[in-house]
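In: Here is my input, please return the structure:
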Amino acid sequence: MATVSLAGCGATSLTEANTPPSGLASASSLASANSGQVRFRVAGHDASSVQPIVAKLALTSSSATAYKVGPQDVLDITVFKVAELSKTVQISAVGTINYPLLGEVSVAGQTAREIEQNMTKRLGAKYLQKPQVTVFIKEYNSQKVTVEGAVKKPGVFPIRGGMTLIQSIATAEGFTELSDEVVIVFRQVNGQRKALKHDIGAIRSGSKADIALQAGDVVMVGTSAIKKGWNTLMKGAPLAKLLLLL
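Out: Purely as a prediction, here's the structure:
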């Protein structure tokens, strides 16, 4: 039986769940918090095989953030049993929606849940008794990231309720055969453009945590000089191929 310690993560992220996550369903686990550490044991697994799973669990709890809407996002708003107030609306450039009875409603920077609570309060104050408002984000248009370089499908992609660096690479359909696993994330911080270097191989192995991307981030995947040189050699030198086969 292996014991794995994970420091620096809140105990609640692993102890709140009543059932183990997928992949650990058949294992007996024990979670306890002591001096800022979370420990658990998984029967039939050694520490090295469990560590990547631990890292993924920690990432899920730490990087998951509720999406905050902005201009051009589209919302589906439903009021239970009041068809006239069930609308699909697009957020304006100034961050508002035009809604029956309430007029201009400011929603930019709020989560769907916060919008529900605000509209429920305002509709209940003057117009309806105990209204039940549901807000669903139909289109994510305001928050996007750009993935460029040595990926199969470069482009601009919406952040749908949160996106990590690994997820952005997957959305761009993965690396090309010439890509370098060290990528650069360009980000605006306090009005200045910062470059953050990340090793995708280390993230995949679980030795380093994945990062949550922010709106406006640019992910640049570089090309490995060694891979590029080798590829050029193999294409331009048929004799080299023959020598490799001998």
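
In: which stretches of the protein have low pLDDT?
Out: Applying pLDDT under 70 to the chain flags residues 1-65, 224-246.

In: What are the structural domain limits within it?
Out: Domain ranges of the chain: 2-63, 74-139, 144-229, per automatic domain parsing.

In: I'd guessed residue 165 sits against residue 219; true?
Out: Yes - here residue 165 reaches residue 219: they are 6.7 Å apart, a contact under Cβ atoms under 8 Å. All C-beta atoms are positioned from the backbone trio N, CA, C, and that covers glycine.

In: Which neighbours do those two have in common?
Out: Counting by Cβ atoms under 8 Å, 6 or more residues apart in numbering, the shared contacts of residue 165 and residue 219 are 183, 185, 213.

In: wait, isn't residue 186 in contact with residue 213?
Out: No - the pair residue 186 and residue 213 does not pass the contact test of Cβ under 8 Å, sitting 11.0 Å apart.

In: quick one: which of the two has more around it?
Out: In terms of neighbours (other Cβ atoms under 10 Å), residue 213 is the more surrounded of residue 186 and residue 213; the figures are 24 against 15.

In: quick one: contacts for that one?
Out: Residues near residue 213 by Cβ under 8 Å, 6+ apart: 145, 159, 163-165, 168, 185, 219.

In: Pull the most distant pair out of those residues.
Out: Using Cβ to Cβ, these span at most 13.4 Å, a distance reached by 159 and 185.

In: Partner strands of the longest strand along the chain and their direction?
Out: Criterion DSSP state E: the longest strand present in the chain is strand 179-189. Here strand 179-189 has these sheet partners by DSSP bridges: strand 192-199 (antiparallel), strand 218-223 (antiparallel).

In: What I need now is those strands written out in JSON lines, including mean neighbour count and distance to residue 132 for each item.
Out: Compiled in JSON lines, the strands paired with strand 179-189 are given as follows (neighbours: other Cβ atoms under 10 Å; distance: least, Cβ to Cβ, whole Å):
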{"stretch": "strand 192-199", "mean neighbour count": "11", "distance to residue 132": "43"}
{"stretch": "strand 218-223", "mean neighbour count": "19", "distance to residue 132": "40"}
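
In: With distance to residue 68 added, can I get these in CSV?
Out: Converted to CSV, the strands paired with strand 179-189 look like this (distance: least, Cβ to Cβ, whole Å):
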stretch, distance to residue 68
strand 192-199, 21
strand 218-223, 20
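
In: Of the ones you listed, give the one that comes closest to residue 77.
Out: strand 218-223 (33.0 Å).

In: Now tell me what touches that closest one from outside.
Out: Contact partners of strand 218-223, identified using Cβ under 8 Å, 6+ apart, comprise 145-151, 165, 168-169, 172, 175, 178-180, 182-187, 213.

In: swap the cut-off to 10 Å and go again
Out: Here strand 218-223 makes contact (Cβ atoms under 10 Å, 6 or more residues apart in numbering) with 145-151, 154, 156-157, 163, 165, 168-169, 171-172, 174-176, 178-188, 193, 195, 197-198, 200, 213, 231.

In: Buried subset of those residues as a PyMOL selection?
Out: A single PyMOL command is used to select the members of those judged buried by 16 or more other Cβ atoms under 10 Å:
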select buried, resi 145+146+147+149+150+151+154+157+163+165+168+169+171+172+175+178+179+180+181+183+184+185+187+198+200+213
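
In: Much appreciated, bye for now.
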